[in-house]
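> Here is my input; please provide its structure:
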Amino acid sequence: MDKILRINMSAPGGPAVKTEALGTFTGLGGRAMTSTVVAKEVPPTCHPLGAANKLVIAPGLLSGSAAAMSGRISVGCKSPLTGGIKEANSGGQGAQVMARLGYAAIILEGSPADDSLYKVFINKNGVKLESADDLKGLGNYATVDKLSAQYGEKVACISIGQAGEMKMSAASIAFTDMEQRPTRHAGRGGVGAVMGSKGIKAIILDDDGMKMRKPADPEKFKAANKTFVEGLRKHPVTGEGLPAFGTNVLTNVVNEAGGYPTNNFQTGQFAGASNISGETQAALENERGGEGSATHGCHRGCVIRCSGTFYGKNGNFLTKQPEYETVWAHGANCGIDDLDVIAQLDRMDDDFGVDTIEMGATIGVAMEAGLAKFGDGQAAIKLVQEVGDGTPLGRILGNGAAVTGQCFGVERVPVVKRQSMPAYDPRAVQGIGVTYATTTMGADHTAGYAVATNLLGVGGSVDALKPEGQVELSRNLQVATAAIDSTGMCLFIAFAILDQPDTFNALVDLVGGFIGQPMTADDVTALGKSVLTNERAFNQAAGFTAKDDRLPDYFKNEPLAPHNVTFGVKDEELDTVFNW
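Prediction:
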């Protein structure tokens, strides 16, 4: 990856493309690339949907190589949802293909002069910017079908649905999976709205004729990769639980722990949890689609294979296996315990191009407002359809839980920096509460997954119900996550590297062998800290203060059943998370 592609939608004479050397961005990948570009080139006080904002798409440092688990891609911008810096992460084929084409980043900048839509086609011969007005108003599935018919079934597609075109703050960006289906999403923060504001409907990547990226030290790289894969396969989470039951294996675990948000975070346990658990879901998928349907990789090079395939009652493909967060968001959070309803909602979210977490949290708030009853799956489907149709109500819902709560006068709105909380109640999992409050991204479990240590005993054990030790836990995980997000590695490798020193050392050697420089654990820490420092500086310049690093008051005031506990980490402790 030795070049950057800039697409300027405000260029004199019409949109223009330019390829340039990496320059000061040499050596960066993934989140390190997106956050550095945004911090350097985007005015922190700009309007997120204006010409001054930029959308940065960057494969990880190891993407496009033979490194296992290295197919994640980062999307960065100023978020229309939070108003701060954003990195949204996705699987799919985009990272591997884009990296093999040699691009360390694609940067969309400026804004089009009219409402024309464009598509970008990239292959070994260069870049073409073409009209995409024929794709206007289409969902991601229809969009990819048309692109596949034109460009073939081996290209990787990056696209937005109707929500992105309408510039909704919950809009996601879809990345096609190995079967060329738009099932993997950079979901959080409204990145799809920023792509829509640039007038780009789709980016098509064709790496035909391109070779896999080669490591600088092949022997060291090969040996480290072998040890790394062995470590992933022998860990009980990455080698057994996730491959068998997918990410939704967590439903019974978190529900039993009393941290499974139910009916818009009113309680911590859901009576219908067993009906939507990973075990139940995997059995249903294997029954309808044949043995093995519950085990699938979201990108080439994945050895954990925690993504499955969900077939409808008619035996036809409906959607990818709904992830744990999606099952919770449209399930327990809305009082729904029907996997077929949840899968239908997942399909609609992917097609319209909205974040499943934000959408599920929003429907929960709408239910609390009285727009529907908790547990009414058909009403939930109708509400999400409003989003795809762009009705007045749909535009409210499509802009997320914070906007919906404001419009309908709801106090219990589970957001930080206006981004919805995922599937862990911070009162019962206090470490994740620290992450929700302080991460640069708005409420985000992936930014520092304290659940691993709070509930699963991975990397040690910190009592989930007590405030002690949570700040240090979240801090260390936020630093490590920022570094992992920069490599292109799937975050689920954290289970193995936290528990197995040999696997962590293999990861460090894997990076070192690829770039041809010795790497240490201290180098990994320094990388993570540098990313977070850039992001914090951007947010502060955008107007964020310590008051933004807080949970909503009701988490401190309303005890959560069944443990009847409130969030106990003090504000002054939250303010020390980034004191390193």
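
> Show me this protein divided up by domain.
Domain assignment for the chain by automatic domain parsing gives 3-205, 215-243+426-580, 246-425.

> Quick one: end-to-end length of the second one, please.
One end of domain 215-243+426-580 to the other measures 33 Å (Cα to Cα, to the nearest Å).

> Likewise for stretch 39-58?
Stretch 39-58: ends 15 Å apart by Cα to Cα.

> Would you mind listing the buried residues in that stretch?
Of the residues in stretch 39-58, 39, 42, 44, 48-49, 51-58 count as buried by neighbour count, 16 or more other Cβ atoms under 10 Å. Yep, even glycine has a C-beta here, placed from its N, CA and C like the rest.

> for stretch 140-147, same thing?
140-141, 143-144, 146-147.

> picking up where we left off before, export the domains of the chain to JSON lines and tack on mean pLDDT?
Output for these, formatted as JSON lines (pLDDT from 0 to 100):
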{"stretch": "domain 3-205", "mean pLDDT": "97"}
{"stretch": "domain 215-243+426-580", "mean pLDDT": "96"}
{"stretch": "domain 246-425", "mean pLDDT": "95"}
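
> rewinding a little: closest to Met166 among the buried residues of stretch 39-58?
Proximity of these to Met166 was ranked by Cβ to Cβ; the top entry is Leu49 with 11.1 Å.

> is it true that that closest one touches Val194?
Yes - with contact defined as Cβ atoms under 8 Å, Leu49 counts as touching Val194 (6.9 Å).

> before we move on, back to that, considering the buried residues of stretch 39-58, which is situated nearest to Pro552?
Nearest to Pro552 out of these is Pro48 (Cβ to Cβ; 22.6 Å).

> could you list every residue that touches the closest one?
Pro48 makes contact with 77-80, 83, 190, 193-194, 197, according to Cβ atoms under 8 Å, 6 or more residues apart in numbering.

> 6 Å instead?
By Cβ atoms under 6 Å, 6 or more residues apart in numbering, Pro48 lies in contact with 78, 80.

> I'd like to know how far it sits from Tyr118.
Noted for Pro48: a distance of 20 Å to Tyr118, by Cβ to Cβ, to the nearest Å.

> Over to Ser172?
19 Å.

> With neighbour numbers in mind, choose between those two.
Ser172 (36 against 22; other Cβ atoms under 10 Å).

> Run through the residues that contact that one.
The neighbours of Ser172, taking Cβ under 6 Å, 6+ apart as the test, are 185, 187, 192, 353-355.

> top of those by neighbour count?
Gly192 (36 neighbours).

> Surely it touches Ile160?
Yes - counting by Cβ atoms under 6 Å, Ile160 is a contact partner of Gly192 at 4.6 Å.

> Helices of the stretch 301-450 of the chain, start to end?
Assigned by DSSP state H, counting those that start in this stretch, the helices in the stretch 301-450 of the chain fall at 324-330, 339-352, 356-368, 377-389, 392-397, 401-408, 430-438.

> Please name whichever of the ones you listed is nearest to Asn314.
Closest approach to Asn314 among the helices of the stretch 301-450 of the chain is made by helix 339-352 (10.8 Å; Cβ to Cβ).

> before we move on, back to that, and of the helices of the stretch 301-450 of the chain, who's closest to Glu179?
Glu179 sits nearest to helix 339-352 of all those, at 13.3 Å, using Cβ to Cβ.

> tell me which residues of the closest one are tucked away?
Within helix 339-352, the residues scored as buried using 16+ other Cβ under 10 Å are 339, 341-352.

> counting contacts, what elements does it pack onto?
Under the contact definition 3 or more Cβ pairs under 6 Å, 6 or more residues apart in numbering; DSSP states H and E, helix 339-352 sits against strand 317-320, helix 324-330, helix 377-389.

> who's in contact with it?
With contact meaning Cβ under 6 Å, 6+ apart, helix 339-352 is reached by 139-141, 161-163, 183, 276, 281, 310, 318-319, 322, 326-327, 330-331, 356, 359, 377, 384, 387-388.

> Out of the buried residues of stretch 39-58, list just those in helices.
If you go by DSSP state H, those have Ala39 in helices.

> Looking at the buried residues of stretch 39-58, spot the one nearest Lys466.
Ala39 (35.7 Å).

> residue contacts, the closest residue to that closest one other than its chain neighbours?
Spatial nearest neighbour of Ala39, chain neighbours left out: Asn534 (4.3 Å); criterion: Cβ to Cβ, 6 or more residues apart in numbering. Residues in contact with Asn534 (Cβ under 6 Å, 6+ apart) are 35-36, 39.

> any idea which element Asn534 lies in?
Following DSSP states H and E, one finds Asn534 within helix 521-541.

> show me where the stretch 151-300 of the chain has strands.
Ranges of strands within the stretch 151-300 of the chain are 156-159, 173-175, 184-186, 200-205, based on DSSP state E, counting those that start in this stretch.

> In CSV, list those along with distance to Ile432.
Shown next, in CSV, are those (distance: least, Cβ to Cβ, whole Å):
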stretch, distance to Ile432
strand 156-159, 30
strand 173-175, 25
strand 184-186, 21
strand 200-205, 33
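
> Tell me which of these sits nearest to Asn248.
Asn248 sits nearest to strand 184-186 of all the strands of the stretch 151-300 of the chain, at 16.3 Å, using Cβ to Cβ.

> ok, residues contacting that closest one?
Contacts for strand 184-186 (Cβ under 6 Å, 6+ apart): 75, 88, 90-92, 172-175, 177, 298.

> Out of those residues, grab the one that's most surrounded.
In terms of neighbour count, Ser172 stands highest of the contacts of strand 184-186 at 36 neighbours, by other Cβ under 10 Å.

> what about it, distance to Ala186?
Distance from Ser172 to Ala186, by Cβ to Cβ: 6 Å.
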